[in-house]
Every structure is written in C-alpha cells, then in structure tokens.
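In: no letters, just coordinates:
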Ligand code: CIR
C-alpha cells in the first residue's frame with residue numbers, strides 16, 4: 001500500500017440515485033429532493049472524482065433502498081479489503097447484502113462484521129494509521145467492537161469517539177485533509193477527539209462544509225461556503241466545489257456518495 005493511502009485512491013464506487021430518494025430518511029423535512037436535479041448533481045460528482053485520475057465503478061440505482069445512493073454507509077474499504085457493515089437504520093439494513101456481490105467483483109477479500117453490531121460508514125474516518133469510529137444513533141458499541149477487531153488485524157488503531165448528540169454521523173462534522181490534518185466543526189473539535197492532528201476548524205456559519213472529502217490531489221467541498229474555500233486555499237489545498245443541494249435535503253453530503261479505495 002502506497003504513501004498517503006488515506007486520501008490517494010485508484011478507485012471509487014458510487015451508486016446512482018433512485019427515484020425512491022424522495023422517501024430518504026431525514027431529521028428535518030425541508031422538502032423532497034428533486035430526482036432529476038439529484039441525478040445531475042450526482043453525475044457531476046462522479047465526473048469530478050474521475051477527473052482526479054481515478055476509475056469510477058458506478059452501480060445502478062436500487063429502488064428498494066431510498067438511501068442507497070449514500071453507499072458509504074454500507075461498507076468500509078481499507079487496506080485492499082472490503083468490510084461489509086451493518087447500517088443502523090432499519091430501512092437501510094438490506095443495503096449491505098445488496099452491495100456485497102458488487103464488492104466481491106472488485107476485492108479479493110470481502111469480510112462481514114462477526115456479530116450483530118450496527119455501524120454506518122459515515123461514522124468512520126480513516127487516517128494513515130488510525131480508524132476513528134464515532135458512536136451515534138446509527139453506530140453502537142457492539143458495532144465499534146466488531147469493526148475495531150477487524151481494522152486492528154489490518155494494522156490500524158481503532159479510536160472510539162462519542163459523536164455529539166445532534167450530529168447524524170461523525171463525518172457529518174469532519175473530513176480528512178491530509179495525513180496530519182483534519183477539517184472539523186468547532187463543536188466536534190472542541191471534544192478533543194483529534195489530539196495529535198492539526199485541526200482546521202470550519203467557520204461557524206459554514207458548519208455544513210465540514211463534510212468534505214480529500215480525493216487524490218483535490219479537496220471537494222459543497223458549493224456555498226466561500227469562507228471555507230478561502231481558508232483551505234490559504235492552507236495550500238486545491239479546492240473544488242460541488243453542488244449537493246438535493247443530497248442535503250435527505251441529510252447526505254459529499255463523503256457518503258462514494259466508497260474510496262485502492263486496489
Ligand atoms: C440517512 O439518514 O441514512 C440518509 N438519509 C443520509 C445518509 C448520509 N450518510 C452519510 O453522511 N454517511
């Protein structure tokens with residue numbers, strides 16, 4: 001595995017949005033996503049990842065699972081291995097089994113969690129040596145224990161975090177910028193969970209920008225956060241903005257729409 005494996009990737013796997021996305025889970029109803037606009041934004045997302053030099057595997061939409069476009073929650077790809085997770089929301093349980101054969105086409109080793117714990121990929125942040133796992137409404141202690149036991153065999157240290165209560169997923173509020181640096185909301189950073197890393201805090205008025213992804217040489221942020229863009233560029237990052245208005249209506253952001261890995 002090469003250097004900077006936490007943000008340099010040969011591949012990403014994405015799933016097209018389904019028409020049933022209008023039934024997607026959300027904490028607050030601010031209106032249904034527009035299917036056609038979601039598809040357009042998703043196409044731009046896929047194209048932008050591809051432009052970094054990666055190959056993108058695009059799966060067909062799955063109507064049975066409204067939230068399946070948020071593919072990150074059903075698996076974790078790490079150290080050349082795919083780990084099928086067990087999402088914490090009942091309407092999403094079946095996404096993992098549906099994804100498994102797709103992962104088997106790509107990975108030599110696909111493993112499942114050993115027990116009945118729950119864990120959403122949105123609660124997992126991978127750095128060069130550590131795997132942060134945030135307990136949340138979707139990820140429980142048993143899920144942590146099961147995933148921790150697997151990633152430790154892959155040479156990573158598992159770190160348990162208590163995600164502040166009103167945050168859906170750990171990565172709703174943070175993203176990796178490079179091997180030493182994490183971008184985070186101040187509410188999450190102030191818990192001290194990123195000790196040992198450099199932290200760049202999201203401006204309080206742009207807290208939703210915290211769900212960014214570093215994918216190869218580009219940091220992708222959602223459009224509409226000019227201060228975040230300025231701060232990241234000042235730190236020397238190449239920043240590209242992507243429209244995520246429709247995903248946001250069902251609590252989705254940039255990280256959840258891809259599995260990022262190297263094979
Ligand atoms: C859900 O509530 O499960 C979806 N509507 C949104 C999932 C977003 N996933 C993520 O940020 N990892």
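Out: Great, that's in hand. Just so you know, these numbers come straight off a predicted model, no measurement behind them.
In: which bits of the chain sit near the ligand?
Out: Where the chain comes near the ligand, counting by C-beta under 6 Å from any ligand atom, the residues are 24-26, 67, 70, 72-73, 89, 92, 122, 169, 172, 250-253, 255-256. In short, each C-beta sits where N, CA and C put it, glycine included.
In: looking at the residues you listed, which are in helices?
Out: In helices, defined here by DSSP state H, there are no members of the residues of the chain next to the ligand.
In: need the buried ones from those selected in PyMOL.
Out: Per 16 or more other C-beta atoms under 10 Å, the buried members of those correspond to this PyMOL selection:
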select buried, resi 24+26+67+70+72+73+92+122+169+172+250+251+252+253+255+256
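In: ends of stretch 131-148, what's the gap?
Out: 8 Å (C-alpha to C-alpha, to the nearest Å).
In: quick one: buried residues of it?
Out: Judged by neighbour count using 16+ other C-beta under 10 Å, the buried positions of stretch 131-148 are 131-140, 143-148.
In: for stretch 109-123, same thing?
Out: For stretch 109-123, burial by neighbour count (16+ other C-beta under 10 Å) applies to 110, 112-113, 117-123.
In: what does the one helix or strand residue 247 maps to contact?
Out: Assessed by DSSP states H and E, residue 247 sits inside helix 245-248. Here helix 245-248 makes contact (C-beta atoms under 8 Å, 6 or more residues apart in numbering) with 17, 21, 33-34, 37-38, 41, 69-70, 208, 222, 253, 256-257.
In: and the residue of the stretch 1-150 of the chain nearest the ligand?
Out: Among the residues of the stretch 1-150 of the chain, residue 122 lies closest to the ligand, at 2.3 Å counting by C-beta to the nearest ligand atom.
In: next up, the contacts around that residue.
Out: Applying C-beta under 8 Å, 6+ apart, the residues contacting residue 122 are 70, 72-73, 138, 168-172, 255-256.
In: could you rerun that using 6 Å?
Out: Going by C-beta atoms under 6 Å, 6 or more residues apart in numbering, residue 122 touches 73, 169, 171, 256.
In: please consider this matter closed, and thank you.
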